[in-house]
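>>> This is the structure alone, sequence omitted:
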């Protein structure tokens with residue numbers, strides 16, 4: 001009589017059965033779960049600042065300008081380098097710490113450039129930095 005050899009393999013059929021049952025349960029119960037809602041701010045609901053801001057205008061990757069809206073007549077845009085921008089913003093906020101700084105950029109400017117300017121201002125402790133948005137028409 002021959003002796004039977006033992007198999008050294010795991011029987012995976014029961015595991016597959018369990019996985020298929022779990023998959024069916026999740027497929028049936030997933031549509032019944034309540035979905036979460038997130039209330040995001042709308043551009044049409046943006047509040048107006050009490051003080052006129054300092055506006056950093058990004059025209060291209062290498063071209064920056066600074067405009068002080070608190071000056072009479074809306075202020076003139078003055079082209080500045082990145083180093084000069086930081087110095088002028090620091091001196092303006094030293095004179096008026098409540099004056100906000102807004103960043104506006106041309107639609108063709110890459111998002112990365114805007115983030116680099118925001119990072120530069122944050123590293124140099126420029127407070128109250130925001131992004132300038134265009135109001136939606138008809139709201």
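Yes, it's here. Not measured: the values here are computed from a predicted model.
>>> Show the residue spans covered by the strands in this structure.
Along the chain, the segments classed as strands by DSSP state E run 54-58, 64-68, 78-80, 101-105, 129-131.
>>> and of these, who's closest to residue 9?
Residue 9 sits nearest to strand 129-131 of all these, at 61.1 Å, using C-beta to C-beta. To be clear about C-beta, it is placed using only N, CA and C from the backbone, and glycine gets the same treatment.
>>> Quick one: list the elements packing against the closest one.
Judged by 3 or more C-beta pairs under 8 Å, 6 or more residues apart in numbering; DSSP states H and E, the packing partners of strand 129-131 are strand 101-105, helix 111-123.
>>> can you put the ones you listed in CSV and add mean pLDDT?
Output for these, formatted as CSV (pLDDT from 0 to 100):
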stretch, mean pLDDT
strand 101-105, 86
helix 111-123, 88
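>>> Check the strands of the chain for me and report the most buried one.
Most buried of the strands of the chain by mean neighbour count (mean count of other C-beta atoms under 10 Å) is strand 54-58; its value is a mean of 22.
>>> Where does pLDDT dip in the chain?
Scanning the chain with the threshold set as pLDDT under 70 gives 1, 36-50, 70-75, 134-139.
>>> Nearest the geometric middle of it, what residue?
Note on the chain: the residue nearest the mean C-alpha position is residue 115, at 8.7 Å, using C-alpha atoms, centre = their mean.
>>> so how far is residue 102 from it?
Between residue 115 and residue 102 the distance, using C-beta to C-beta, to the nearest Å, works out to 15 Å.
>>> Next: residue 128.
Counting by C-beta to C-beta, the gap between residue 128 and residue 102 amounts to 9 Å.
>>> Of the helices and strands packed on strand 129-131, give the one that comes closest to residue 83.
Taking C-beta to C-beta, helix 111-123 is the member of these nearest to residue 83, at 9.5 Å.
>>> re earlier: may I see the strands of the chain arranged in TSV, with distance to residue 14 as well?
Rendered in TSV, the data for these read as follows (distance: least, C-beta to C-beta, whole Å):
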stretch	distance to residue 14
strand 54-58	62
strand 64-68	66
strand 78-80	71
strand 101-105	60
strand 129-131	57
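>>> Alright, I will stop here.
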